[in-house]
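J.: what shape does this take:
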Amino acid sequence: MIADPDWSVIGPHARGLQANGYGFSAVKIGSDIESLIDMLADWGWSSSEQIPTWLSERSGRQR
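T.: Now for the predicted structure:
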């Protein structure tokens, strides 16, 4: 996942990122842990590893 608050940084590379399997968002990542966890919950869990407890509790997904 690529994140930058300025779309002009990501935009020119969006097709290449997507073609290579990357997700991207033009968002400002908050400096507090709660907003970071909210953002990760919104993005979803895609790993083959088990979803962490702190994220499953926020996203409503089971471990």
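
J.: quick one, helices of this protein?
T.: All helices of the chain, identified by DSSP state H, fall at 7-10, 14-19, 33-43, 53-59.

J.: can you put those in TSV and add distance to Met1 and mean pLDDT?
T.: Bear in mind the C-beta positions are built from the backbone N, C-alpha and C, glycine included. Shown next, in TSV, are the helices of the chain (distance: least, C-beta to C-beta, whole Å; pLDDT from 0 to 100):
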stretch	distance to Met1	mean pLDDT
helix 7-10	11	93
helix 14-19	10	95
helix 33-43	7	82
helix 53-59	14	81
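
J.: closest to Ala26 out of these?
T.: helix 7-10 (4.0 Å; C-beta to C-beta).

J.: give me the buried positions along that closest one.
T.: Going by neighbour count (16 or more other C-beta atoms under 10 Å), the buried part of helix 7-10 is Ile10.

J.: same deal with stretch 46-56?
T.: By 16+ other C-beta under 10 Å, the buried positions in stretch 46-56 come out as 51, 55.

J.: now the end-to-end length of it.
T.: Using C-alpha to C-alpha, to the nearest Å, the span of stretch 46-56 from its first residue to its last is 12 Å.

J.: how many other residues sit next to Gly23?
T.: 12 (other C-beta atoms under 10 Å).

J.: pull the contacting residues for it.
T.: 1-2, 17, 43 (C-beta atoms under 8 Å, 6 or more residues apart in numbering).

J.: would you turn the helices of the chain into CSV with distance to Ala26?
T.: CSV is the format used below for these (distance: least, C-beta to C-beta, whole Å):
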stretch, distance to Ala26
helix 7-10, 4
helix 14-19, 10
helix 33-43, 12
helix 53-59, 22
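
J.: looking at these, which is nearest to Val27?
T.: When those are compared (using C-beta to C-beta), the closest one is helix 33-43, at 6.7 Å.

J.: show me what the closest one is packed against.
T.: Here helix 33-43 touches helix 53-59, going by 3 or more C-beta pairs under 8 Å, 6 or more residues apart in numbering; DSSP states H and E.

J.: so how far is Trp43 from Ala19?
T.: Per C-beta to C-beta, to the nearest Å, Ala19 is found 19 Å from Trp43.
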